[in-house]
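Student: I would like the atomic coordinates for the input below:
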Amino acid sequence: MNASRMVSLALLSVAIAGCQKQAPDKPEKPKPPVILVEADAPPRPMKPELPPLFDDIERRTFQFFWDTTNEVNGLSPDRYPSRPFASIASV
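Tutor: Numbering: from 1, shown residues only. Sure, this is the predicted structure:
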């Protein structure tokens, strides 16, 4: 026999040996049923109401960007009230 035929025969033997059935696994014991219980967490404390100043700051900040943002490209000016330009850093 030549060497290539022996290599082919060896590879075929390994392939056939790999096709054998595995030994059956032992049957697993059935797992007990899972019972879900909701945790009794204490209620979250209420957050204190913020002073009206915060509502005013929020409204005015939104209004600033709403009024000054360029509708064409979406950039906001770097400085206000002058409108020299809007850099990419303002996005």
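Student: now the helices for this protein?
Tutor: Listed in chain order, the helices of the chain (DSSP state H) span 3-18, 52-68.
Student: weakest of those helices in terms of mean pLDDT?
Tutor: Averaged per stretch, pLDDT over the helices of the chain is lowest on helix 3-18, reaching a mean of 80.
Student: Just send the helices of the chain back as TSV, with distance to residue 80 too.
Tutor: C-beta: built from backbone N, CA, C; applies to glycine. Shown next, in TSV, are these (distance: least, CB to CB, whole Å):
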stretch	distance to residue 80
helix 3-18	75
helix 52-68	6
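Student: Residue 40: which of these is closest?
Tutor: helix 52-68 (34.1 Å; CB to CB).
Student: Flag every buried residue along that closest one.
Tutor: Using 16 or more other CB atoms under 10 Å as the test for burial, helix 52-68 gives no buried residues.
Student: Determine the number of other residues adjacent to residue 69.
Tutor: Residue 69 has 16 neighbouring residues, counting by other CB atoms under 10 Å.
Student: Next one: it, what pLDDT does it get?
Tutor: Confidence score, pLDDT, at residue 69: 85.
Student: With adjacent residues omitted, what lies nearest to it?
Tutor: residue 76 (4.9 Å; CB to CB, 6 or more residues apart in numbering).
Student: how far away is the one you found from residue 47?
Tutor: 30 Å (CB to CB, to the nearest Å).
Student: for residue 7, same thing?
Tutor: Using CB to CB, residue 7 is found at 76 Å from residue 47.
Student: likewise residue 2?
Tutor: In terms of CB to CB, residue 2 sits 85 Å off from residue 47.
Student: ditto for residue 80
Tutor: Between residue 80 and residue 47 the computed distance is 32 Å (CB to CB).
Student: more neighbours, those two?
Tutor: Comparing residue 80 with residue 47 by other CB under 10 Å, the one with more neighbours is residue 80, at 10 against 6.
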